[in-house]
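Trainee: The following comprises the amino acid sequence and a computationally predicted model.
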Amino acid sequence: MGFVAPQHVGSSRTRDRTSLLDVVSQLAKQNLQVLVLGRKHMLKQNSRWRKDDMEKVQKQASFFFADNISEDDPFLLYAALHSGNHCKFITKDLMRDHKACLPDAKTQRLFFKWQQGHQLAIVSRHPGSKITFQHILIYDTVVQTTGDSWHIPYDDDLVERYSYEVPTKWLCLHRKT
């Protein structure tokens with residue numbers, strides 16, 4: 001199941017509705033179940049959310065519209081977790097506030113690893129063409145060992161990576177025998 005948080009999909013007001021429709025259409029063409037999470041104001045005709053575009057989105061996806069005063073991130077997280085390990089979600093939100101609210105570093109690390117395995121990022125989008133998503137890695141981007149070798153990801157200047165960012169450098173150590 002794909003999840004789309006509409007207010008985070010596009011980067012400018014005029015592209016938000018088009019991006020949402022494009023993303024939902026592309027996922028629906030892949031026969032994926034899509035749940036769109038948003039706020040009730042999206043259902044009203046205005047310059048940002050056109051009624052005909054929202055009707056097209058609603059024909060291709062399930063939807064949940066929270067009250068306008070509510071935060072939708074908790075709904076997104078709950079829906080993604082409740083839907084199982086196969087679920088992916090799309091949002092530009094890096095969820096740093098949610099991670100920071102977790103009680104300890106171990107839980108924060110677990111959240112980061114879960115997020116890294118489930119959050120899709122839009123890499124490129126050109127009007128009228130296919131949207132490209134960054135692939136979710138099949139390997140973990142933390143220190144790994146195979147017994148006699150170690151693979152350690154690192155970044156220059158201790159830059160903190162976000163869930164969808166892959167380390168660009170790896171230090172590979174092998175024990176001499």
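Mentor: Cool, got the structure. Residues are numbered from 1 along each chain as shown.

Trainee: lowest average confidence, helix or strand, in the protein?
Mentor: None of the helices or strands of the chain scores lower by mean pLDDT, DSSP states H and E than helix 6-9, at a mean of 50.

Trainee: Do a quick rundown of the helices in this structure.
Mentor: In order along the chain, the chain carries the following helices (DSSP state H): 6-9, 13-29, 51-60, 73-82, 96-100, 105-118.

Trainee: So which elements touch the last one?
Mentor: The one in question is helix 105-118. Helices and strands touching helix 105-118, by 3 or more Cβ pairs under 8 Å, 6 or more residues apart in numbering; DSSP states H and E, are helix 96-100. (C-beta placed from N, C-alpha, C; glycine too.)

Trainee: contact partners of the helix it packs on?
Mentor: The contact list for helix 96-100 (Cβ atoms under 8 Å, 6 or more residues apart in numbering) reads 73, 77, 108, 111, 112, 115.

Trainee: What's the local residue count around residue 154?
Mentor: 12 (other Cβ atoms under 10 Å).

Trainee: hmm, I was thinking of residue 25
Mentor: Using other Cβ under 10 Å, residue 25 has 15 other residues around it.

Trainee: With residue 143 instead?
Mentor: Counted with other Cβ under 10 Å, residues neighbouring residue 143 total 12.

Trainee: go on, residue 60?
Mentor: With neighbours defined by other Cβ under 10 Å, the count for residue 60 comes to 16.

Trainee: how near is it to residue 152?
Mentor: 43 Å (Cβ to Cβ, to the nearest Å).

Trainee: Also residue 89?
Mentor: Residue 89 sits 29 Å away from residue 152, going by Cβ to Cβ.

Trainee: Pick out whichever of these two has more residues nearby.
Mentor: Using other Cβ under 10 Å, the more surrounded residue of residue 89 and residue 152 is residue 89, with 23 against 14.

Trainee: and residue 45, what is it in contact with?
Mentor: By Cβ under 8 Å, 6+ apart, residue 45 lies in contact with residue 51.

Trainee: any idea how far it is from residue 136?
Mentor: 36 Å.

Trainee: can you put the helices of the chain in a markdown table and add distance to residue 41?
Mentor: Shown next, in a markdown table, are these (distance: least, Cβ to Cβ, whole Å):
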| stretch | distance to residue 41 |
| --- | --- |
| helix 6-9 | 10 |
| helix 13-29 | 12 |
| helix 51-60 | 11 |
| helix 73-82 | 15 |
| helix 96-100 | 22 |
| helix 105-118 | 27 |
